[in-house]
Structures are given as structure tokens and as C-alpha cells.
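Trainee: Give me a 3D structure for the following:
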Amino acid sequence: MTTLSNQLPLKLTLHSDATHSTRPKSLILCKKRKNDTAFEEQKSGFVDYDKGQHEVSTRVAGLRKDDIPKRYRLRVQGDRFQKDWTISELVNRILELNHWENVEPVLNRWVARFARKNFPVLIKELTQRGAFEHSVKVFEWMKNQKNYCARNDIYNMMIRLHARHNRIDQARGLFFEMQKWRCKPDVETYNALIHAHGRAGQWRWAMNIMEDMLSAAIPPSRSTYNNLINACGSSGNWREALKVCKKMTENGVGPDLVTHNIVLSAYKNGAQYSKALSYFELMKGTNIRPDTTTLNIVINCLVKLGQYGKAIEIFNSMREKRSDCRPDIVTFTSIIHLYSISGQIENCKAVFNTMLAEGIRPNIVSYNTLMAAYASRGMSKEAVAVFDQIKQNGFRPDVVSYTSLLNAYGRSQLPEKAREVFDMMRRDNCKPNLVSYNALIDAFGSNGLLAEAVEVLRQMEQDGIKPNIVSICTLLAACGRCGQKVNIDAVLSAAELRGIKLNTVAYNSAIGSYMNVGEFEKALALYESMRKRKVIPDSVTYTVLISGCCKLSKYGEALGFLDDMQDSKIPFTKEVYSSLICAYSKQGQVAEAESMFNMMKVTGCCPDVVAYTAMLHAYDVAENWTKASALFLEMERNDIQPDSIACSALMRAFNRGGQSSKVLVLAEYMREKAIPLNDAIFFEIVSACSILRDWKTTIDLIKLMEPWFPLVSIGLMNQLLHLLGKSGKVESMTKLFYKIIASGVAVNYNTYSILLKNLLSAGNWRKYIEVLQWMEDAGIQPSHGMFVDIISFSQKSCGAENADKIRKMLESMRRSGDKNSSGRIASPMPTAPLIAGS
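Mentor: Sure, this is the predicted structure:
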């Protein structure tokens, strides 16, 4: 392979039969020494124990000054600018230059440029480093050298490099250029070109190149078929991939493990996850040993099918000591994604830490997957920490990193921060894509900032990015949250003007938005339009329609949509079952609600807490506390944690069925299970205490409710006041009233009416008159009946002296009220008692 200067003379003695000469003749042959070690790769290592760093590099020397022809050695011998660099040293010097700088000054100082055998190795080193611009410039320089000779391997490496950077046209141009240089393409050339088109998703081009290859009488290799199968499979065209695989075996080229992995990947890219798992089982049945790539594809398919347990089992088996397939960066990233979509965010961080502990250095995809996990739950602080870690570890955040951080702020209700991330993204020369804009629209829209969301849409169009159906769905959902009917129509019109055809998801968003603002007729019209345009409704469509009808008390229409759903043979979801149970119960059709609940269990759709709650409401309406209690016990047996709504429904059923003591037992159960209390729960407990006349529990309940006073409705407060007054505990009632006022709850006329009525029943006429004064101070005018009641009481029960006092006080109050009739802001409760001793 190398050219060496030393010559070895060989003397050969030739004997001629014709002349029978005895004189020997000498023939001198020149043979150069071979430098067999010039292109051998030598590995060198570097370890810094103090910093905990290590580095392993591969170096190639190539032909040096002593190996080039003598005339070139003499030419460069006295030039101090000419350097005898190794190929690896030259590559490092080239890569130190910026991609826009000229590489010729460095290359022209390289002594070994006169040995053209160095050129393929130089291109190989540069392409392996992925230096695209530098490799192209070196290749152009190389073609201008006098000693350059076009070679297949150089063009093949350059075609692969262009393929890696998605420069398909340039790769195809090199294919034609090499033929102009009288360099005939070989099987590796066609493989590189097929691979280039496969990476770009141009599987038809790849098929045509295969035909050209056969026309040129070049037999395809196993790599050719693998590249062609991958070209079809990466585009999601798994059927064509299988046809090529069949053709491969028919032509006598047997598949290897790489082929099987490509077929599995083709199934995965074509969303045929079940077929991929079946193919994997077939592989195991034919004793084909999978590798890490195989198991990574299988884990990905299991995650897509929601079979998280099996995916975790494969992951754990890969981590066993005796396993031949060790998990790599792709495996750990897939498991992080698994825990992310299943809502187990803590496990995402645990897997990431495990990856670091096993010495696997995360890449930008791993960081982005962890950030997306935090973003999905609105954990903006954790997402920011990962974003900072990306920069600290020498990675440059890409568009996915910025979009995930933006989404995290949007989900955590910080749209202003999301906007800051978007602006920072543009400052850092990272161009936002369609997903970035949609995330920012969602950040504003989900927080009720519809005007800002629309402004982002306009900016998006100004930047040359066309909105898609996701943009429209996001705006429609924002309109529904904001309750703006006009803007829903405007968004639909904008989509039509831009030629964006609504799909099922968009129709679902629009119908849901109309339902949220109470526009049933428009939602129904949109549903009819959906069917006319042959957009197929799905289970979400009917869930939105049925649940929306239930919210608007249109139960007959909800059951009508049930018939449409059955005619379309769309399987029921848990949400549909729950909505239908609610519709039947509201109409008093408990038997139909029970039938729907039983059907839900028979079809394998396990009832959740919402379905059980809907059924509890049905039994509550039917005043059947026995069945409600049995259903609650069944719920507990099935390990379904009841919530506050389910407990309040059961309490209401107990109170209606005269089982108020069970309400207090259920309240104790809620305390043990740490189920939060709400207004409805308090109301039912107060009602139970009233029925049972359990005043001690009532007082304990008031102490429990004190922190909740600002959140509890005034109706419940009035009920508590009435209960205490009715029991004769006037002092406790008055103290409760003080606490209600101190908590800032806005009391109304009914509150004062209950207070006055119970004070008069207890004969406390002084406090009665004081409360009347509080009413006037609070701007609530006492009724005529309240004055009549106190006057009547004074005449019957107070004696003449007190009756006269009461009359004078009332007259004084009226005169005071007339003077202040212009209105003044006063405290609802005086700072000092109106009557001494009251």
C-alpha cells in the first residue's frame, strides 16, 4: 500500500536453450518497502484522577515525510512552513477552524499531501467526526491536487456524510459526479444512496435506485436489502418493507439480526405495535437471539400499547448481571418516557439517576424526555433545573428543550414566564417551530388570556409558519374556558379561510366549547356538519355531547346520542357510561341506570370513582340507602378510593332514608382515610346532627369548620345558626355569628332573620334590638315584621316598664336611620353594646 525509497536489487540467472551461452545475464527489479503500520489505528488514553475525567482517542499516522517520493521530499525539505503532521493531527487542526474559514492554508502546509493514499483516510477521519462543512471543503481542495485520483470509497463516504445531514440532492449530485470522473459506482455506492433517501423518507426513490442497480448488473448485498427495507419502514410503509423482505429471501439473501430489527422498526413506525410483538415472539421461536436494539423497539411498542408492566419486566431483565443485552441510553430514555405518560414523575428522576450511576452519559434526548415529564405536570421549577443542567454539561438546548420549558410554565399557570422563554429562544438563535408556537398559544389560552393567544397566532403567521389543526383546537379550547361565544365562531371562520380542514379532534374541541358556554343548538349544528362532511365521530365526541347535555339538563337528548353511538358501533368509555348513568338517574330511571352500570362491568370496563358516584346519586334520587350503602362497600372492596363527592352522595341518601347516625359514622371514616371535607359534606353532617339533636357533635363540627369559614357557603352557616338557636344554645349561636363576621363572610338578610327569631324565642330582647342596629349599620334594612315582632313581644312578655323602654329605643333607631338614609359605610357590628348589660 505504501511507497518506500529503498530499492532491493535481485539477480536472476537466465539460461537460453537456443544459444547454450555460458555467460550469465543479470536482471535488476526494483521493489519498494511497504509501510504496513502507516494506517493502523492506535488508541491512546488519558485519565485525570483528581477531576474524575477520562478520554480514549484513536489516532492514525498515515504516510509521513519519509514515505513520499524523493522529488517531493527535496521540494519541502528546506521550507520551515511545511509540517510533517500525522493525519489525526491535521484533522484536529482543521476542526479548530470555524466552518466559514478557509482550510487550504492548513492543507497546503501538510507535507504528506503528496501521498494520495492519505486522502481516503483523511476523508474517513473527517466524516466520522461529523464535520460536514470542513469535509466538503477538504474534498474540494483534494480534487484540485495533481496527484488526486477519484476513488469509490471517497465518494461513498461523502455520500453517507451528506445523508447524515439530510442533503439528499447533494448526495445524488455526488453520485453523478463520480461517474463523470470515470469512477464506476459499486454496491457500497448504491447502498449509501439508498440509505440517504431512506433517511429522508423517500422510499420510492430508494426503490428506483434499486432498479437502477439491478440494471447495472450489480448484485444487491444484504446491506442493500436492509437499507431498502429501512427506507420503506422509516416512512411507515410497513407493507412495502415486508414485500422487500420477501423478495430478499426469494433471491437467496438470508436475513440477519439487523434485518429483523429493521422489520420490527417498520411495524413500530407504522403504528402496528401488536404485529411487532407477534414478530418478536416469532423471532424467539426460531432461536434468534435479540440484541439491545431489538429489546428497545419491543419496549417502545409495549409503551404505546399501555403494557407498562411488561416493558418494566424487560428493562429489569436487561439489567441483570448475566444478561447479554445491557440497557443503553435509548433504553433508559424509553423507560423515563414510560413513567412520564403513566404519571409517575418521581420514578422518571429515579431512572435518570440510575442511568448516571451506571456510567451512561445522558444525551440531549434524555434531558428533553425528563423535561417533558416535568412539563406534563406543570413542575416548572424542576424543568428549569434540568434546563440549566443541559447547559452545565456542555449541551446546547435545542428547540425541543425550549418548547418543553415553555410548556412547563404554561401548565403551571405562568404564561408570562412562558413568553420570556419564547423570547429567550429567539435570542439564542433557536428558531421556534410549529410546536413551540402552539405551546405558547396553549399557555395563554389555558390561563384565560385569549387576546394574547390570538396575538401569538398572528405573530406565527408573520414569521412564515402556517397554523395547523392543533393551533385551531388550542384556540377553540381557550374560547370555551373564557366563555366567549363570538370568538368560537371567529376561530372556526379563521380555520375555514386558511383552508384548515377540521378533523375529529377539532370538532370535539369546538363542540365542547359550545357546550361549556351553554350553546346547545350550535353544538348540535356542528355535530350535524361533522357527519355531513364525513368526519367520523369517536368516543370523545359522544362523551362531550352526552356529558354536555347532562350539564344543561337535556337528558332526553343525551339518550338520543346514545342511539347514534350504538349505531356507529363505537365502544363506550368510562366517561360515557358515567354520563348515561347520570342522565338516567336525573330522569328517575334507576333501573336503566343499574342496567348501564352492570353492562359497564360485563364489557370489561372497570367502573372508576366517577361511575360509582353517578350510581350513588341514582340511589340517592330513588331514596334507596340500602343499595347505596352496598355499592359503597363494593367500591371499597375493589380498591377504589371514594372522594368527597361520593361520600356526600351517600350521606344524602342516609339522611333521606332516616339513617342519620350512619352519616356520623361515614364522617369518622372520612377522617380516618384523610378524605377532604367540602361544603356538601358539612351540610349533610349538620343536617344529621339536627335530626339526631346531637348538640355536642354540632359544637365539635363548628370547631372543625372554623378554618373553612371563608370557603363555606352562607347557606350552611345559616343552617348552623338555626340549629344552635333551635336547641336553645343562644350564647353559642351568638359566638358563632361573631366568628362568621370575623372571618369576613358576607352575611345576608336571612342570617339576621334566623338570629333575631331565635333571640326572641329565648326572650333576649336587648340582644334583639342590638342585632337590629347591626343590620342597619351593615346597610341591610330590617323588615316591618321584625319591628312588629319585638313590639308584640314587649307588650306580652316584658311588662309595662320594659315595653316603654323598647318603644323608645325603636323610635330612636328609626330617627337615626332617617338621618343616615343617605347611606354611610359602617361596621356590620358595633364596637360597644347598644344596651348595657346585654
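Trainee: Would you mind confirming that residue 296 makes contact with residue 332?
Mentor: No: at 10.0 Å, residue 296 does not count as touching residue 332 under the criterion of CB atoms under 8 Å. For the C-beta atoms, the positions are set from N, CA and C on the backbone; glycine is no exception.
Trainee: Comparing the two, which residue is more hemmed in?
Mentor: Neighbour count, other CB atoms under 10 Å: between residue 296 and residue 332, residue 296 has more, with 26 against 21.
Trainee: Count the neighbours of residue 658 for me.
Mentor: For residue 658, the neighbour count with other CB under 10 Å is 11.
Trainee: Show the end-to-end separation of stretch 315-331, please.
Mentor: 8 Å (CA to CA, to the nearest Å).
Trainee: what residues are up against residue 135?
Mentor: Contact partners of residue 135, counting by CB atoms under 8 Å, 6 or more residues apart in numbering, are 123, 126-127, 158, 161.
Trainee: meant to ask about residue 336
Mentor: Residues near residue 336 by CB under 8 Å, 6+ apart: 348, 351-352, 366, 369-370, 373.
Trainee: part of a helix, is it?
Mentor: Yes: under DSSP: H, G, I helix; E, B strand; the rest coil, residue 336 sits within a helix.
Trainee: Give me the distance between it and residue 302.
Mentor: 15 Å (CB to CB, to the nearest Å).
Trainee: re the thing from before, can you tell me which two in the contacts of residue 135 are farthest apart?
Mentor: The most widely separated members of the contacts of residue 135 are 126 and 158, with 9.8 Å between them, by CB to CB.
Trainee: The nearest residue to residue 656 once chain neighbours are set aside: how many residues sit nearby?
Mentor: Excluding the flanking residues, the one nearest residue 656 by CB to CB, 6 or more residues apart in numbering is residue 623, at 5.0 Å. Residue 623 has 13 neighbours, counted by other CB under 10 Å.
Trainee: Give me the secondary structure label for residue 453.
Mentor: What three-state DSSP gives for residue 453 is helix.
Trainee: need the helix or strand of the protein with the lowest average pLDDT.
Mentor: helix 799-819 (a mean of 69; mean pLDDT, DSSP states H and E).
Trainee: what about residue 296, distance to residue 728?
Mentor: Separation of residue 296 from residue 728 (CB to CB): 75 Å.
Trainee: buried ones in the helix or strand harbouring residue 507?
Mentor: Per DSSP states H and E, residue 507 falls inside helix 504-516. Applying a neighbour-count criterion of 16 or more other CB atoms under 10 Å, one finds 505-516 buried in helix 504-516.
Trainee: and which of those is nearest to residue 418?
Mentor: Nearest to residue 418 among the buried residues of helix 504-516 is residue 509, at 20.6 Å by CB to CB.
Trainee: That closest one against residue 477, yeah?
Mentor: Yes: using CB under 8 Å, residue 509 is in contact with residue 477, at 5.2 Å.
Trainee: overlap in contacts of those two?
Mentor: Contact criterion CB under 8 Å, 6+ apart; residues shared by residue 509 and residue 477: none found.
Trainee: returning to what we had before: the more surrounded of residue 126 and residue 158?
Mentor: Taking neighbours as other CB under 10 Å, residue 126 and residue 158 compare with residue 126 leading, 25 against 22.
Trainee: if you skip the residues just before and after it, what's nearest to that one?
Mentor: Nearest residue to residue 126, sequence neighbours excluded (CB to CB, 6+ apart): residue 135, at 4.3 Å.
Trainee: Just to be sure, that neighbour is in a strand?
Mentor: No: counting by three-state DSSP, residue 135 is not part of a strand but helix.
Trainee: and the gap between it and residue 146?
Mentor: According to CB to CB, residue 135 and residue 146 sit 21 Å apart.
Trainee: Determine how far stretch 400-416 lies from the middle of the whole chain.
Mentor: Here stretch 400-416 is found 11 Å from its chain centre; the criterion is CA atoms, centre = their mean, to the nearest Å.
Trainee: What of stretch 696-714?
Mentor: Stretch 696-714 has its C-alpha centroid displaced from the chain centroid by 41 Å (CA atoms, centre = their mean).
Trainee: Now that stretch: average pLDDT?
Mentor: Stretch 696-714 carries an average pLDDT of 75.
Trainee: residues making contact with it?
Mentor: Stretch 696-714 has contacts (CB under 8 Å, 6+ apart) with 664, 677, 679, 682, 685-686, 689-690, 717, 720, 723-724, 727, 732, 736, 739-740, 743-748, 750-751.
Trainee: where does this structure dip in pLDDT?
Mentor: Counting by pLDDT under 70, the ranges of the chain that qualify are 1-36, 46, 51-57, 480-486, 708, 799, 813-838.
Trainee: which residue is nearest the centroid of it?
Mentor: residue 376 (4.8 Å; CA atoms, centre = their mean).
Trainee: Skipping its backbone neighbours, what lies nearest it in space?
Mentor: The shortest distance from residue 376 to any non-neighbouring residue, by CB to CB, 6+ apart, is to residue 340 (6.2 Å).
Trainee: So for the strand or helix carrying the one you found, what gets flagged as buried?
Mentor: Using DSSP H and E, residue 340 sits within helix 329-341. Judged by neighbour count using 16+ other CB under 10 Å, the buried positions of helix 329-341 are 330-340.
Trainee: Which of the contacts of residue 336 sits closest to residue 107?
Mentor: Closest approach to residue 107 among those (CB to CB): residue 366, at 37.9 Å.
Trainee: Number of residues surrounding that closest one?
Mentor: Neighbours around residue 366, by other CB under 10 Å: 23.
Trainee: residues in contact with it?
Mentor: 329, 332-333, 336, 352, 355.
Trainee: Next, give phi and psi for it.
Mentor: Main-chain torsions, residue 366, degrees, to the nearest 10: phi -60, psi -50.
Trainee: On the three-state scheme, residue 448 is what?
Mentor: Classification of residue 448 by three-state DSSP places it in coil.
Trainee: for residue 371, same thing?
Mentor: Secondary structure state of residue 371, per three-state DSSP, is helix.
Trainee: go on, residue 42?
Mentor: Three-state assignment for residue 42 (three-state DSSP): strand.
Trainee: Quick check: closest non-adjacent residue to it.
Mentor: With CB to CB, 6+ apart as the criterion, residue 42 has its nearest non-adjacent residue at 5.2 Å, and that residue is residue 59.
Trainee: For the nearest residue to residue 644 once chain neighbours are set aside, which residues are in contact?
Mentor: The shortest distance from residue 644 to any non-neighbouring residue, by CB to CB, 6+ apart, is to residue 678 (4.7 Å). By CB under 8 Å, 6+ apart, residue 678 lies in contact with 644-645, 648.
Trainee: let's go with 10 Å and repeat that
Mentor: Residues in contact with residue 678, defined by CB atoms under 10 Å, 6 or more residues apart in numbering, are 643-645, 647-648, 708, 711-712.
Trainee: Repeat that for residue 768.
Mentor: Residue 768 sits next to 755-760, 762, 786, 789-790, 793-794, 806, 838 when contact means CB under 10 Å, 6+ apart.
Trainee: gap between it and residue 69?
Mentor: Applying CB to CB, the value for residue 768 to residue 69 is 122 Å.
Trainee: in the stretch 251-400 of the chain, which spans are helices?
Mentor: For the stretch 251-400 of the chain, the helices defined by DSSP state H, counting those that start in this stretch cover 257-269, 273-285, 292-304, 308-318, 329-341, 345-357, 364-376, 380-392, 399-411.
Trainee: Same list (the ones you listed) but as TSV, adding distance to residue 217.
Mentor: Formatted as TSV, these follow (distance: least, CB to CB, whole Å):
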stretch	distance to residue 217
helix 257-269	24
helix 273-285	34
helix 292-304	34
helix 308-318	45
helix 329-341	39
helix 345-357	50
helix 364-376	43
helix 380-392	52
helix 399-411	46
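Trainee: Show the residue spans covered by the helices in the stretch 601-750 of the chain.
Mentor: 609-621, 625-637, 644-656, 660-673, 679-692, 695-705, 714-726, 730-742, 749-761.
Trainee: relative orientation of the third one and helix 679-692 in degrees?
Mentor: Which is helix 644-656. Here the directions of helix 644-656 and helix 679-692 differ by 20 degrees (axes from the mean of the first three to the mean of the last three CA atoms, to 10 degrees).
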